[in-house]
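A.B. asks: what's the 3D shape of this:
(one chain, ligands or ions: 1)
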Amino acid sequence: MKILAVNAGSSSLKFQLFEMPSEEVVTSGIVERIGYDNAIITFKVNGEKIKEDKQILNHKTAVELVIHGLISNKIIESLDEIKGVGHRVVQGGEYFKNSAVIDEDVIAHIRGLIDLAPLHNPANITGIEAFRNALPNVPQIAVFDTTFHQTMTEDAYLYAVPYEWYEKYGVRKYGFHGTSHQYVSERAAEILGNKKAKVIVCHLGNGASICAVDGGKSVDTSMGLTPLEGIPMGTRSGNVDPAVLMLVSSKEDKTYGEVLDELNKKSGYLGLSGFSNDSRDIIDGMNEGNHRAYLAHQVQVKRIADYIGSYYVYMGGLDAICFTAGIGENAPEVRRDVIKAVKVLGIELDAAENQKRGERMISTKDSKVKAYIIPTNEEVMIAREVIRLESK
Ligand code: AMP
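C.D. replies: Numbering: from 1, shown residues only. Down below sits the predicted model:
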């Protein structure tokens, strides 16, 4: 049976069609620049990319083109072959402790969480509504970035702010990248042959977060109320003293919103280096002796190590550290320096293995704590959730 996994952003729509339960990817693709005259729709079939430039003014048209493309590119013969659609939804709040079969009530609750994810949830709803419209008889499932972290206890998710803020406005840590942290930690437990394993997942992409997983449950994670909290990222600052907002807004005559935007879009690698949000440029710059590139790298490494140390203590031990996502899977320099920074925990890098790609152990055989590269696969997690909920 074929299941479609969908990730709708404000101007893009990514999709992957799976044959289940074999988890074979039948096709994948992306619609970019939705809302513009020169949108691009790309299908990947049998390793070949089929690309088309088109005017795609809204998600409804984008979804219709995706569905039409599945037939015209002979990926499927009939829409009846699609037995379920899984949607990534960024913020599920405290309400969604599990993935959900989408109906009017579920959409209303996702809408009710827009205050907590003003950039993401509206785009996710647009994607859901477009697919419900195009495939009215196919079950649609919402899979939330936050659900996996709903197992955190109060000591981990509460901020030490007036408690009424939590009660009235939901001010607390939610955490994100949940499907990725779950996929990678489950795979690590499988490799270790230990369902009770204590694992730290470093999801290092343009957005980045760290998660402590104890016996398959998220017990703490670095992102917070929004994805801004935690370690420095491509363009996000990660943790700063909130007083920065007041100082910079008064010095530069900007609103808090404008300064917050700079913490989200002009900080992290980009802010410190002054030239790029991409780890490839940062590493090249560092190797060429650019001090600001070195700082961007080193500040991130230190903050990652801070979280690993703290989670080691919180879990009372550690079996493995896993690296995943764009940087975690592809940047040996970042893995090397993080592992060096937490060597005291009893972790020994295998320098040769660390230079390679794909799933592998990158610590030595004798290393007390193991380290792995485990490529993430959020889409397959979404497809698995669709099958799990449909068979209930
Ligand atoms: P993601 O958000 O998981 O797609 O990760 C995107 C980021 O991964 C990019 O911004 C790059 O910084 C990083 N990345 C991708 N490929 C490489 C590579 N070959 N070497 C180093 N970093 C990479």
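A.B. asks: Spell out which parts of the protein neighbour the ligand.
C.D. replies: By the criterion of C-beta under 6 Å from any ligand atom, the positions of the chain lying close to the ligand are 205-206, 234, 278-280, 325-327, 330-331. Every C-beta, even on glycine, is put in place using the N, C-alpha and C of the backbone.
A.B. asks: Based on its surroundings, how many neighbours for Val301?
C.D. replies: Burial measure for Val301: 22 neighbouring residues, criterion other C-beta atoms under 10 Å.
A.B. asks: so it is in which element?
C.D. replies: Here Val301, judged by DSSP states H and E, is contained in helix 291-315.
A.B. asks: And that helix, what does it pack against?
C.D. replies: Helix 291-315 is packed against strand 198-204, strand 208-214, strand 217-221, helix 268-273, helix 279-287, helix 332-341, with contacts defined by 3 or more C-beta pairs under 8 Å, 6 or more residues apart in numbering; DSSP states H and E.
A.B. asks: Please list all residues in contact with the residue in the chain that the ligand sits nearest to.
C.D. replies: The ligand sits closest to Gly326 of the chain, with a gap of 2.0 Å, by C-beta to the nearest ligand atom. The contact partners of Gly326, by C-beta atoms under 8 Å, 6 or more residues apart in numbering, come to 204-206, 279.
A.B. asks: And for Met152?
C.D. replies: By C-beta under 8 Å, 6+ apart, the contact set of Met152 is 173, 175, 218-221.
A.B. asks: Over to Lys173?
C.D. replies: Contacts for Lys173 (C-beta under 8 Å, 6+ apart) come out as 149, 152, 156-159, 221, 223-225, 229.
A.B. asks: Helix, strand or coil: sort out it for me.
C.D. replies: coil (DSSP: H, G, I helix; E, B strand; the rest coil).
A.B. asks: Tell me where the stretch 1-150 of the chain has strands.
C.D. replies: Under the criterion DSSP state E, counting those that start in this stretch, strands of the stretch 1-150 of the chain are mapped to 2-8, 13-19, 24-32, 36-45, 48-56, 82-89, 100-101, 140-144.
A.B. asks: Ile374 touches Ala325, doesn't it?
C.D. replies: No: with contact defined as C-beta atoms under 8 Å, Ile374 does not count as touching Ala325 (10.1 Å).
A.B. asks: So the two - more neighbours on which side?
C.D. replies: Ile374 (26 against 22).
A.B. asks: which residue ends up closest to the midpoint of this structure in space?
C.D. replies: Averaging the C-alpha coordinates of the chain gives a centre point, and the residue nearest to it by C-alpha atoms, centre = their mean is His177 (3.4 Å).
A.B. asks: contacting residues for that residue?
C.D. replies: Contact criterion C-beta under 8 Å, 6+ apart gives 145, 203, 207, 209, 211, 221, 223 as the residues in contact with His177.
A.B. asks: repeat that with 6 Å
C.D. replies: Residues counted as contacts of His177 (C-beta atoms under 6 Å, 6 or more residues apart in numbering) are 203, 209.
A.B. asks: what separates it from Gly257, distance-wise?
C.D. replies: Per C-beta to C-beta, to the nearest Å, His177 is found 25 Å from Gly257.
A.B. asks: Pull the number of nearby residues for Ala331.
C.D. replies: As a burial measure, Ala331 scores 18 neighbours (other C-beta under 10 Å).
A.B. asks: hang on, I meant Arg388
C.D. replies: Burial of Arg388 is recorded as 12 neighbouring residues (other C-beta under 10 Å).
A.B. asks: Secondary structure element for it, which one?
C.D. replies: Per DSSP H and E, Arg388 falls inside helix 378-390.
A.B. asks: Please save the CA atoms from that helix in PDB.
C.D. replies: Once non-C-alpha atoms are left out, helix 378-390 reads as follows in PDB (Å, rounded to 0.1, in the frame of the first residue of the first chain):
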ATOM      1  CA  GLU A 378      11.600  11.800   9.500                       C
ATOM      2  CA  GLU A 379       9.500  10.900   6.400                       C
ATOM      3  CA  VAL A 380       9.600   7.200   7.100                       C
ATOM      4  CA  MET A 381       8.600   7.800  10.700                       C
ATOM      5  CA  ILE A 382       5.600   9.800   9.400                       C
ATOM      6  CA  ALA A 383       4.600   6.900   7.000                       C
ATOM      7  CA  ARG A 384       5.000   4.400   9.900                       C
ATOM      8  CA  GLU A 385       2.700   6.500  12.100                       C
ATOM      9  CA  VAL A 386       0.100   6.500   9.300                       C
ATOM     10  CA  ILE A 387       0.100   2.700   9.200                       C
ATOM     11  CA  ARG A 388       0.000   2.500  13.000                       C
ATOM     12  CA  LEU A 389      -3.000   4.800  13.400                       C
ATOM     13  CA  GLU A 390      -4.800   3.300  10.400                       C
END
